Every structure is written in C-alpha cells, then in structure tokens.
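Enquirer: structure of the sequence below:
(2 chains)
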Amino acid sequence: DGGITQSPKYLFRKEGQNVTLSCEQNLNHDAMYWYRQDPGQGLRLIYYSQIVNDFQKGDIAEGYSVSREKKESFPLTVTSAQKNPTAFYLCASSRTPGADTQYFGPGTRLTVL
Amino acid sequence: AQKVTQAQTEISVVEKEDVTLDCVYETRDTTYYLFWYKQPPSGELVFLIRRNSFDEQNEISGRYSWNFQKSTSSFNFTITASQVVDSAVYFCALRRSREYGNKLVFGAGTILRVKS
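Expert: All right, here's what the predicted structure looks like:
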C-alpha cells in the first residue's frame, strides 16, 4: 500500500541528546513537510522540502535540522538546541510543491526525560 | 497575516445528533484554499475536504457537509447523525495559493466527543 511511514511511534530521549525522526513515503511525492503539534494547538511547520537536496525553514525551525538526500525520505533531527522538544511530530507529503493536498503520516511522539 | 480560528475548543454530543464545527479564517489573498482534516486518537491526520476560494458551492459527502461563505470568511463543517466513530480532533487549515511551498496554517482544532 502507498503511504507515509514514520518511526518510531514513541521516542524517549534524555535532555541534551540529539534524536532523529524518520519519515518515508512511497507515493512518489515531490514535496515533504515536518510539523509539530502541541496540546491544544494546531500544527506548526518546522521544515519543508520541494525537491531532493533542497529544503526551507518553516515557522519554527530553530533547534531542528533536516536532510533530503532521497525523494522518499525526509528525516528530522531534533537537536539539543531545541528548548522544548517534547511534542507530537507529523510528517506530510504532497504530489508537487504546488499541489493542494498534503497527506500525513501517523506521527512520532517525542518525550524528553 | 494568515490566521484560522476555531473558537470551539471542545464539543460533546450524543450519538445521532447533528453537530457543526466552526472555522473562521483571515487572509488578504484573493485566491486561497481551505481544508478540513480529522485526527482520530491514533494521531494521523486524515484529509476530508479541500475548497478553493472561487468555489463557494456547498458540498455534501455522506453524513458530512461543508458551508463555505466568503462574505463571513467562514468554512463550517457539519456532521449529520453523528456516530461514536466521529470522535476526533478536527482541524481547519488555510493555504495561500501564491505562497510557494504549499504551507498550511492550521486552526487550534476542535475536539469532538460523541457519546453513545
């Protein structure tokens, strides 16, 4: 089945450690996105990528980094510089950067201990 | 500024009741797109509908219907004869058509609880 996978579902890390969240899609979509969701809030854009080897900062990029070496993969690294990393992280993709609909993965819940 | 307001934080209804989720948006663009997504307890966002700013026709899909009114900048979502499986968080979102990157601005979401 085509879709977006994110792993792991739950992730725990100690304060001061970097951690990488995986996002893979087999939809042959050009564009991919990372969002952060906090309780009682809507989703906020962290980074997005329109094509391979290119990515742009979203609204809350500080403390995060990404790479887009392959079309199907868009991993997100939460660095120790992120002040409040505990959140639910959602990855999305769309057929083209200009396409209207983004489709989402199941999410990763990150907890910093 | 682009902004989406979902004033209803949480709604509780009894099964088979109709329920309307409100969405009010702000944008200066003449062309834009509006979306509704459903987030069940599993966490994944499920796409429900997309409307562009030129199409104000209301849409019905089974028990779901959407009322888009540019005059009041609203894009409300009605579930008819609600069911327990409709319990979820519902998000309204806005996308500017000329802003590259397909960035979405989300409302804070409305928690819908349907009791049997």
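
Enquirer: pull up the distance across stretch B:44-59, start to finish.
Expert: 24 Å (Cα to Cα, to the nearest Å).

Enquirer: and if you look at stretch A:57-64?
Expert: Start-to-end, stretch A:57-64 (Cα to Cα) is 9 Å.

Enquirer: any buried residues in that stretch, and which?
Expert: A:58, A:61, A:64 (16 or more other Cβ atoms under 10 Å in any protein chain shown). C-beta: built from backbone N, CA, C; applies to glycine.

Enquirer: same question, stretch A:96-107
Expert: A:97, A:100, A:101, A:102, A:103, A:104, A:105, A:106, A:107.

Enquirer: touching, the third one and residue B:47? I think so.
Expert: Yes: applying Cβ atoms under 8 Å, one finds residue A:101 in contact with residue B:47, separated by 5.8 Å.

Enquirer: shared neighbours, those two?
Expert: residue B:35 (Cβ atoms under 8 Å, 6 or more residues apart in numbering or on different chains).

Enquirer: ok, now which ones touch the residue in chain B that chain A sits nearest to?
Expert: Chain B approaches chain A most closely through residue B:106 (3.2 Å), counting by Cβ to the nearest Cβ. Listed by Cβ under 8 Å, 6+ apart, the contact partners of residue B:106 are A:42, A:43, A:44, B:4, B:91, B:92, B:93.

Enquirer: check residue A:87 too.
Expert: Taking Cβ under 8 Å, 6+ apart as the test, what residue A:87 contacts is A:36, A:37, A:38, A:109, A:110.

Enquirer: can you name the residues bridging to residue A:49?
Expert: Here residue A:49 sits in beta bridges with residue A:32, as judged by DSSP bridges.

Enquirer: which pLDDT does the model give it?
Expert: If you check residue A:49, the pLDDT there is 93.

Enquirer: roughly how far does it sit from residue A:23?
Expert: Counting by Cβ to Cβ, to the nearest Å, the separation of residue A:49 from residue A:23 is 10 Å.

Enquirer: number of nearby residues for residue A:81?
Expert: Residue A:81 sits with 11 neighbouring residues when counted by other Cβ atoms under 10 Å in any protein chain shown.

Enquirer: for chain B, see how far away it is.
Expert: 23 Å (Cβ to the nearest Cβ, to the nearest Å).

Enquirer: could you do residue A:90 as well?
Expert: The gap separating residue A:90 from chain B is 6 Å, by Cβ to the nearest Cβ.

Enquirer: wait, that residue touches residue A:37, no?
Expert: Yes: the pair residue A:90 / residue A:37 is scored as a contact, 6.2 Å apart, by Cβ under 8 Å.
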